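> What follows is a predicted structure for the sequence shown.
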Amino acid sequence: MTLPELFDLSFIGRREQPGLVFEGAIRTFGDLDDSASRMANLLVDRGLKKGDRLCVYLANCIEYIELYLAATRLGVIFVPVNALYRDREIRHILEDSEPKAIITTAAQTEFIPSSPTPVWLLTELCDEARLQPNTRRIDVLDGDTPAAIVYTSGTTGPAKGAVLTHHNFVVNAVNLLTCWQITPADKILLALPLFHVHGLGNGIHCWLASGCRMRLEKRFEHNHAAQWMREFEPTVFFGVPTMYVRMLEWPSETASVIGAKMRLFVSGSAPLPVQTLEDFRSKFGHTILERYGMSETLMNLSNPYNGERRPGSVGMPLPGVSVRNLDPDGNPVPDGETGELYLRGPNLFSGYWRQEEATAAAHRDGWFRTGDIAVRSADGYYTLQGRRSDLIISGGFNIYPREIEEFLSEQPGVAEVAVASSPDPRRGEVPVAYIVADDTFDAKALETACRAHLASFKIPRAFLRMDKLPRTALGKIQKHLLPKWVPR
């Protein structure tokens, strides 16, 4: 099955029903279907065809959804670009994916580097799309057709594009609808960014596959989210730990009213602190369901909807997903001992875009190496212990220190750099830069440079000057020996 076939459960089967609320406007599934058809016809007129890549550099909006639907109908490979990225990060994606175009707003064009890639403005596209017929155009596809390339960095080297197929997305949606019991009677409030697989692969796909009603927000704003929930009365909410930490600041009366209407709170993209889960359960009357996924795999494990949602655990494998917990030699580890998670199943990506060696290195005997360290309990629950690498997850965003280190090492006077994580009560963890530099060292200047070239969530919270970095006898930096940073 392909995504257009899955989504037609709503576009054909529930055509007259209200499907989407955005900025006060209500759109039926039929409205969305027609808009997607017009956009697809426009993309064809602009020369796009099956297999072409299309970069989309936008914040959440209805047009984002229309572009995604149009691309999936044509077999065009959708390449979401983080709306917080700047020239340095965008340049690599454009050079690597070689898209036919990048779509953005006039305000965001200043962040796009000079490139042969044409820049299409969203306003112009929308004006032209309105003149197109709403004739449905769905090219012949199969489930192995690539649907999206999602860029996910490793701890070494530049970002890699994970190729996700129609099958990957369809299996993920069907699994979540089944295991989390999402039905047309539900109402989803989605404030996650659509450029991330959490918002796109879970939020958008579960909404369209189930035919429920969804309210989309541009971003999560904890000062307004309580009012959104009281107005819309959602039954399902997908969030990251940072959101739940901020929601605990709401008055108990507000939490009680919201909790009474809600059916399911889901958390992912970063580890959920046990204390946050317990405090949330006490205040909202709900036990957050924590699950585990990756850009390369979509969802892998989940705590049960009916059954124990174990604090600190990401639950058990979803249908069709096989899991192994192995030692460095590839041998299974006993329950209760740490190992690296290996995965296999129809949810796994088809490979890294144009990187056969990286794809091969990410697999072992047909199993995908996640890089995540975990412990399995005797009754089958998995608990993550951390990354095999030094990945930093801040507020649900992945931060790979190597990228920041390479950029800082380019700055005048900087000799050596190590970027490590520091605990943060709201974002989970934040990056801190440890720098060996000459007498021209200027922390403010380094921060200014980072703000000009890196996404805001990647900017180190502190720039600490060091005489030298701790290293092993072989010269490897020992980040665990770096002094702990204490905010002032």
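That came through, no problem.

> Neighbouring strands - and their directions - for the host helix or strand of Val266?
In this structure, Val266 sits in strand 264-267 according to DSSP states H and E. Sheet pairing for strand 264-267, assigned by DSSP bridges, gives strand 236-239 (parallel), strand 289-294 (parallel).

> Quick one: work out the angle between the next helix or strand after that strand and strand 289-294.
Next along the chain after strand 264-267, taking DSSP H and E as the criterion, comes helix 274-284. With axes from the mean of the first three to the mean of the last three C-alpha atoms, to 10 degrees applied, the angle from helix 274-284 to strand 289-294 works out at 140 degrees.

> What's the local residue count around Ala106?
When counting by other C-beta atoms under 10 Å, one arrives at 11 neighbours for Ala106. Using the backbone N, CA and C atoms, a C-beta is placed for each residue, glycine as well.

> out of everything not next to it in sequence, what's closest to it?
Closest residue to Ala106 apart from its sequence neighbours, by C-beta to C-beta, 6 or more residues apart in numbering: Leu121 at 5.8 Å.

> Also Val171?
Distances taken as C-beta to C-beta, 6+ apart put Pro346 closest to Val171, at 4.6 Å, once the chain neighbours are dropped.

> The one you found: helix or strand, and which one exactly?
Per DSSP H and E, there is no helix or strand for Pro346.

> I'd like the distance between the closest residue to Lys160 other than its chain neighbours and Ile149.
Spatial nearest neighbour of Lys160, chain neighbours left out: Tyr352 (4.4 Å); criterion: C-beta to C-beta, 6+ apart. Distance of Tyr352 to Ile149, given as C-beta to C-beta, to the nearest Å: 9 Å.

> any common contacting residues for these two?
Common contacts of Tyr352 and Ile149, defined by C-beta atoms under 8 Å, 6 or more residues apart in numbering, comprise Gly161, Ala162, Val163.

> Trp180: which of those is nearest?
Nearest to Trp180, judged by C-beta to C-beta, of the shared contacts of Tyr352 and Ile149 is Ala162 at 23.5 Å.

> can you pull up the bridge partners for that closest one?
On the basis of DSSP bridges, Ala162 takes part in beta bridges with Val150, Tyr352.

> Could I get the contacting residues of it?
When the contact criterion is C-beta under 8 Å, 6+ apart, the partners of Ala162 are Ile149, Val150, Tyr151, Thr152, Ser295, Glu296, Phe349, Tyr352, Trp353.

> tell me the contacts of the fourth one?
This points to Thr152. Neighbouring residues of Thr152 by C-beta under 8 Å, 6+ apart: Ala159, Lys160, Ala162, Met294, Ser295, Glu296, Asn398.

> JSON lines for the residues you listed, including secondary structure?
Below are the contacts of Thr152 laid out as JSON lines (DSSP: H, G, I helix; E, B strand; the rest coil):
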{"residue": "Ala159", "secondary structure": "coil"}
{"residue": "Lys160", "secondary structure": "strand"}
{"residue": "Ala162", "secondary structure": "strand"}
{"residue": "Met294", "secondary structure": "strand"}
{"residue": "Ser295", "secondary structure": "coil"}
{"residue": "Glu296", "secondary structure": "coil"}
{"residue": "Asn398", "secondary structure": "strand"}
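
> farthest-separated two in these?
Longest span within the contacts of Thr152, C-beta to C-beta: Ala159 and Met294, 14.3 Å.

> Neighbour count: these two, which is higher?
Neighbour count, other C-beta under 10 Å: between Ala159 and Met294, Met294 has more, with 23 against 18.

> And what about the nearest residue to that one once chain neighbours are set aside, helix, strand or coil?
Nearest residue to Met294 in three dimensions, chain neighbours excluded: Thr370, at 6.4 Å (C-beta to C-beta, 6+ apart). Per three-state DSSP, the local secondary structure of Thr370 is strand.

> Now the phi/psi pair for Leu176, please.
With angles defined as degrees, to the nearest 10, Leu176 sits at phi -70, psi -40.

> How many neighbouring residues does the nearest residue to it once chain neighbours are set aside have?
Once flanking residues are discounted, Leu176 sits nearest to Cys206: 5.4 Å by C-beta to C-beta, 6+ apart. Residues near Cys206, counting by other C-beta under 10 Å, number 25.

> Same question for Ala226.
For Ala226, using other C-beta under 10 Å, the count is 18.

> now swap in Pro251 and tell me
Close neighbours of Pro251, defined as other C-beta under 10 Å, add up to 10.

> Would you check how far apart it and Leu277 are?
Pro251 is 20 Å from Leu277, by C-beta to C-beta.

> roughly how far apart are the spatially most central residue of the chain and Pro4?
Computing the C-alpha centroid of the chain and ranking residues by C-alpha atoms, centre = their mean puts His196 first, at 3.0 Å. Distance of His196 to Pro4, given as C-beta to C-beta: 22 Å.

> Next: His167.
Distance of His167 to Pro4, given as C-beta to C-beta: 13 Å.

> end to end, how far does stretch 262-282 reach?
In stretch 262-282, first residue to last residue: 15 Å (C-alpha to C-alpha, to the nearest Å).

> what about the residue nearest to Lys160, how many neighbours?
24.

> How about the contacts made by it?
Going by C-beta under 8 Å, 6+ apart, Tyr352 touches Lys160, Gly161, Ala162, Val163, Ala358, Thr359, Ala362.

> likewise Leu190?
The contact partners of Leu190, by C-beta under 8 Å, 6+ apart, come to Gly199, Gly203, Ile204, Trp207, Met214, Arg215, Leu216, Glu217, Phe238.

> quick revisit: dump the residue contacts of the residue nearest to Val171.
Going by C-beta under 8 Å, 6+ apart, the list of residues near Pro346 reads His167, Asn168, Val171, Gly320.

> ends of stretch 200-210, how far apart?
Taking C-alpha to C-alpha as the measure, stretch 200-210 stretches 14 Å from start to finish.

> Which residues does that stretch contact?
Residues outside stretch 200-210 that contact it (C-beta under 8 Å, 6+ apart): 3, 6-7, 9-11, 19-20, 65, 68, 80, 148, 164, 169, 172-174, 176-177, 180, 182-184, 186, 188, 190, 192, 194, 214, 236, 238, 266, 268, 293, 298-299.

> could you flag which of those residues are buried?
3, 6-7, 10-11, 19-20, 65, 68, 80, 148, 164, 169, 172-174, 176-177, 180, 182, 186, 188, 190, 192, 194, 214, 236, 238, 266, 268, 293, 298-299 (16 or more other C-beta atoms under 10 Å).

> most surrounded residue in the contacts of Pro346?
Sorting the contacts of Pro346 by how many neighbours each has (other C-beta under 10 Å) puts Asn168 first, at 27 neighbours.

> Please determine how far that residue is located from Ala59.
Separation of Asn168 from Ala59 (C-beta to C-beta): 25 Å.

> next one: Phe265
As judged by C-beta to C-beta, Phe265 and Ala59 stand 24 Å apart.

> now Pro4
For Pro4, the distance to Ala59 (C-beta to C-beta) stands at 25 Å.

> of those two, who's got more company?
Remark: of Pro4 and Ala59, Pro4 carries more neighbours, 20 against 15, as counted by other C-beta under 10 Å.
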